[in-house]
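# Give me the fold of what follows.
(chains A and B)
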There are 2 protein chains.
Amino acid sequence: MPSISTVRLALLTALAVIALPVRAADPPAKPLTMQDVLAAAKPADWRPLDADNTLYLDLDAGRVVIELAPAFAPKHAANIRTLVHQGYFDGLAILRAHDNYVVQWGDPDAGGEAKAKPLGKAQAHLPAEFSVPYDTSLAFTRLPDGDLYAPEVGFSNGFPAARDPATHETWLAHCYAAVGVGRDVDETSGSGSELYVVIGHAPRHLDRNVTVVGRVVQGIELLSSLPRGSGALGFYEKREQTTPIRRLHLAADVPAKERVPLEVLRTDTATFTALVETRRNRRDEWYKRPAGRIELCNVPIPVRQHPADAAK
Amino acid sequence: MPSISTVRLALLTALAVIALPVRAADPPAKPLTMQDVLAAAKPADWRPLDADNTLYLDLDAGRVVIELAPAFAPKHAANIRTLVHQGYFDGLAILRAHDNYVVQWGDPDAGGEAKAKPLGKAQAHLPAEFSVPYDTSLAFTRLPDGDLYAPEVGFSNGFPAARDPATHETWLAHCYAAVGVGRDVDETSGSGSELYVVIGHAPRHLDRNVTVVGRVVQGIELLSSLPRGSGALGFYEKREQTTPIRRLHLAADVPAKERVPLEVLRTDTATFTALVETRRNRRDEWYKRPAGRIELCNVPIPVRQHPADAAK
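This is a model prediction of the structure:
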C-alpha cells in the first residue's frame, strides 16, 4: 500500500512526532514540544525499572510489562510475587474485557472449589491497601492543575497519585493503565490472584475502593484491543473466548538478556515538569487554543528502552 | 465452559445489574442504583434518535450507530449527509487506531490526488465549528460537579458539553465516544470526509480545536477493540491491516424496519439527575467510599432499544 498521505489525514499534524533541535539562542524561541523536552533529557532524568517489581505478562500476541508499586501496596505486591514464583498465573486466562472500563485476568475455575488452582504459599485474603498515610517520606510531585476527585494530585515515582491532608491519605489514582486487585464485597477479599487493568476513561470513583498495585508501562494495547466480552460486565461467556496467559513472571526471575531494558522518566525532575507544560499548553501550529490546564490522567509518563540496549 | 463464578471474580458485585423493586415506604430506604432509576423512568424520559441525524457505520463485524449534533456543527452535519447520500464512505476504510486516543476513518487514497475518491457535491473545506454562541436557546443541563477544562459543563440533548460565559461559547466535549472532524493545520481544512472517534481517556485539550459533530451511541466496542496501528500516531502501515467500511448510511435512508429503534435518556429530566447522583455517590455495599463528585466524561448516557421493538 502506498504510505498513507498526510494531506488529508487529520490530526496527524496535531501529534506529529518531530524532534526539532532545541536552539536556546534564537529568539523568538519556538515553543518546545514534548519531543524537544525528551530529546534534551539527561540520562539521570530516567530511571530503570526495578527487576524485583516488574512483571512480564506474556500472551501469544506479545508481552505486557507491569511495574508494581510496593510503596503503596506492599502486602499485595509481595503476595503477587509469591504467586508468580509458583507459576500461578501460567495457563490461566483473561476473563473479562469491559469496554471503556477494565480488562481482567485470573483463574476461570476460581469459583469452583474443586477445580480452582491452589494459591500455594500465597495468602487468599489480605487487608485492603487502598491508601497509605499522607505524612510519609513517600515521593510526591504535585500537579498544580487541580482535580475533581481529590484535593491534591501528582506523581509518586512515576505513578499518578492523589492525597488528602484532611484524611491523611495518599493513594494511587485509577488512570488509564492502572493495575488493580480484584475483590469481592468484603474489602479484605482480594489477594492479587485476580488483577485488572484500566482500559478506558479513568474510573476515579474506584480510588480508595480497590487496592491499586501497579501500572502497565508497555504493551497495554495487547489488552485494550481485545474483543469485548458479551456477558454481564464484559466477562467472556465461553472459555474459548478467553485469552490464555502463556506466562506471568517477575523480571528478576528471567535471565538478564531476556529482560526488557525499560526506563521511566523520573517524575520529580525539571524535565518532567517541562514536559507537562508542553502538554498543558500545546503550542504547535495545529492547536488553535491551548487548554491551559491538564488533568492528572492526561499526563503521559514516558517510557523508553535503555539507549545502549536499544542500539543493539 | 461452566459459567464464570462470582465468588472470586472481583468487581462483579461492584457493577452488578440488579433491578431491585423500589420500595418508598420501607425505612431505611435502600439507596437507589442506576438500574433502579432506569427501571422507574417514564416513557417520556426517553427520546428516539432522529433518523435524519443518525448514521449507521456498517463493518463486517457489525453496526456502529452515531448520532449527529447539528445544533453544534450544522455545516459539517449537512456535508456529512451529502457525502453519505453519495455513498462516499462505502468501501473506504478505518485507517488509524491510536491506543488511548482515537480510531479514524476515511479514504486511504485521499492524499494521492489521482486516486482520491471524489467528494461529489460535498464541500472539501468548511469553516470551523469549534463552538457555538453561549447565549442561545440551546439546551444545557448543568452538572454541578465542576470541571478542570471549562467553567461550566453539562449536557445538551444527550451530548456532553461545556461552556464559558466569559468567551460566550458553548462546545461539545471530547469524552469517550465523541465523533470529531479530522483536519489539517488550517482550521478550515476539515470537511467531514475524515472522521474520528475517541476511544480512550477524554482528550479534552482537543476541545475547541476540532469540530465535534456527534457521538457513538451504540457499537463503539467494534472500533475500540480494533488492533492498534503500528505506524506513527496509530496509522496502519499496510492496506490489508485497515478495516473496510461496508457502508455508511443515514438511518432516514434505510427502510424503517431495518433501522435500529434506539432511544436516549433525556438529559434534561429528573430521571437523569437522579441517575447522575447514583453514579456520583455509589452506595451499594461493594463501595466503601462514595466519590462525592463525578466528572463530565464519567457520566453514562443510557441508550436502549425502544421497548415495543425490543419485545418483538
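# In contact with the residue nearest the centre of chain A, which residues?
When C-alpha atoms, centre = their mean is applied to chain A, the residue found nearest the centroid is A:Arg215 (2.8 Å). With contact set as C-beta atoms under 8 Å, 6 or more residues apart in numbering or on different chains, A:Arg215 has these partners: A:66-67, A:69, A:158-159, A:177-179. Heads up, the C-betas are built off the backbone N, CA and C, glycines and all.
# mind redoing it with 7 Å?
By C-beta atoms under 7 Å, 6 or more residues apart in numbering or on different chains, the contact set of A:Arg215 is A:66-67, A:159, A:177-179.
# shouldn't A:Ile100 be in contact with A:Val198?
You called it Ile, but residue A:100 is Asn. No. Counting by C-beta atoms under 7 Å, A:Val198 is not a contact partner of A:Asn100; they are 9.7 Å apart.
# which SSE is the residue nearest to the centre of chain A in?
Using DSSP states H and E, A:Arg215 falls within strand A:212-218.
# From A:Pro160, how far out is the closest residue to A:Val260 other than its chain neighbours?
Distances taken as C-beta to C-beta, 6 or more residues apart in numbering or on different chains place A:Val65 nearest to A:Val260, at 5.7 Å, with adjacent residues excluded. Separation of A:Val65 from A:Pro160 (C-beta to C-beta, to the nearest Å): 17 Å.
# what about the residue lying closest to A:Asn298 once chain neighbours are set aside, how many neighbours?
In space, and not counting its chain neighbours, A:Asn298 is closest to B:His201: 6.4 Å by C-beta to C-beta, 6+ apart. For B:His201, the count of nearby residues is 24 (other C-beta atoms under 10 Å in any protein chain shown).
# For B:Arg208, see how far away B:His201 is.
18 Å.
# what do you get for A:Asp107?
Taken as C-beta to C-beta, the span from A:Asp107 to B:Arg208 is 47 Å.
# What of A:Ser189?
Distance of A:Ser189 to B:Arg208, given as C-beta to C-beta: 45 Å.
# which of the two has more neighbours?
Neighbours were counted for A:Ser189 and for B:Arg208 using other C-beta under 10 Å; B:Arg208 has more, 25 against 18.
# so what's the more buried one up against?
A:289, B:130-131, B:171.
# Quick one: buried ones out of those residues?
By neighbour count, with 16 or more other C-beta atoms under 10 Å in any protein chain shown, the contacts of B:Arg208 hold B:130-131, B:171 as buried.
# For B:Leu233, state which of these is nearest.
B:Phe130 (21.3 Å; C-beta to C-beta).
# how about the spatially closest residue to A:Arg289 that is not a sequence neighbour, secondary structure?
Among residues not flanking A:Arg289 along the chain, B:Arg208 sits closest, at 5.1 Å (C-beta to C-beta, 6+ apart). Classification of B:Arg208 using DSSP: H, G, I helix; E, B strand; the rest coil returns coil.
# A:Trp171 too?
Secondary structure, three-state DSSP: A:Trp171 is strand.
# Tell me the pLDDT of the closest residue to A:Leu126 other than its chain neighbours.
In space, A:Leu126 comes closest to A:Lys75 once its chain neighbours are excluded; the distance is 5.0 Å by C-beta to C-beta, 6+ apart. pLDDT recorded at A:Lys75 is 98.
# Summarise which helices and strands the helix or strand hosting A:Lys75 is packed against.
Here A:Lys75 sits within helix A:74-85, counting by DSSP H and E. Packing partners of helix A:74-85 (3 or more C-beta pairs under 7 Å, 6 or more residues apart in numbering or on different chains; DSSP states H and E): strand A:212-218, strand A:247-250.
# same thing but 8 Å
Secondary-structure packing of helix A:74-85 (3 or more C-beta pairs under 8 Å, 6 or more residues apart in numbering or on different chains; DSSP states H and E): strand A:62-68, strand A:212-218, strand A:247-250.
# Pick out whichever of A:Asn100 and A:Val198 has more residues nearby.
Neighbours around A:Asn100 and A:Val198, counted as other C-beta under 10 Å, are more numerous at A:Val198. The numbers are 30 against 24.
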